[in-house]
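K.L.:
From the sequence below, what's the structure:
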Amino acid sequence: MTLRPALLSALFLAGLTLPAAAQEGLSVADTRAWLISVGAEVGEPVVDADGKHLQVRDGPLNWRLAFPGCTTAVCGDAQFSARFTAPGATAEAVAAWNRDQRFLKAWAADGAATVQYDLILDAGEPNAALGTPTALWVEGVRRFAVHVGFAVPAP
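P.N.:
Numbering: from 1, shown residues only. Sure, this is the predicted structure:
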């Protein structure tokens, strides 16, 4: 389908006249407080060249919740990630993971494997915005750690 120039112009101008949408998302402070409330060990928020992020310790696993590109008090998206240096952190293991898994995606480089999961943060209570994605992340990152030989399966 090809849009005619007049229709394309009309769509563009209509977009310029739309009312501003309410800012959606969560603050890093609210996200940190929520993670602590559900039992995570969370460091103080960090702001560096990569943006804002939180370091989380989950038993033997360490992972990061980053807010890439967020320059305001409220962030609209986030990314969980974890990096593992382990014997099984190979391109072949990562390819098998990516083939068989739907949500967490990984890559291997320099003898390590990184896994990540992106999410959109809806406005509202942190539990509603973070509950299911965090549960999916925690379960998935634990399986990934086992997959690459960083951790042993739980009994």
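K.L.:
Kindly export stretch 25-35 (C-alpha atoms) in PDB.
P.N.:
Extracted in PDB, the C-alpha atoms of stretch 25-35 (Å, rounded to 0.1, in the frame of the first residue of the first chain):
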ATOM      1  CA  GLY A  25       6.500   5.000  33.700                       C
ATOM      2  CA  LEU A  26       8.100   4.700  37.100                       C
ATOM      3  CA  SER A  27      10.800   6.500  38.900                       C
ATOM      4  CA  VAL A  28      14.100   4.800  39.600                       C
ATOM      5  CA  ALA A  29      13.500   5.400  43.400                       C
ATOM      6  CA  ASP A  30      10.100   3.800  43.300                       C
ATOM      7  CA  THR A  31      11.500   0.900  41.300                       C
ATOM      8  CA  ARG A  32      14.300   0.400  43.800                       C
ATOM      9  CA  ALA A  33      11.900   0.600  46.800                       C
ATOM     10  CA  TRP A  34       9.600  -2.000  45.200                       C
ATOM     11  CA  LEU A  35      12.500  -4.400  44.500                       C
END
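K.L.:
Quick check: buried residues in that stretch?
P.N.:
Within stretch 25-35, the residues that count as buried by 16 or more other CB atoms under 10 Å are 25-28, 30-32, 34-35. The way it works is simple: take the backbone N, C-alpha and C, and place the C-beta from them, glycine included.
K.L.:
how about those residues, which pair is most distant?
P.N.:
The largest distance within the buried residues of stretch 25-35, taken as CB to CB, falls between Gly25 and Leu35 and amounts to 15.6 Å.
K.L.:
Now pLDDT too, for the buried residues of stretch 25-35, in CSV please.
P.N.:
Listed next are the buried residues of stretch 25-35 as CSV, based on pLDDT from 0 to 100:
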residue, pLDDT
Gly25, 88
Leu26, 91
Ser27, 91
Val28, 94
Asp30, 92
Thr31, 93
Arg32, 95
Trp34, 92
Leu35, 94
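K.L.:
Which members of those are positioned in helices?
P.N.:
28, 30-32, 34-35 (DSSP state H).
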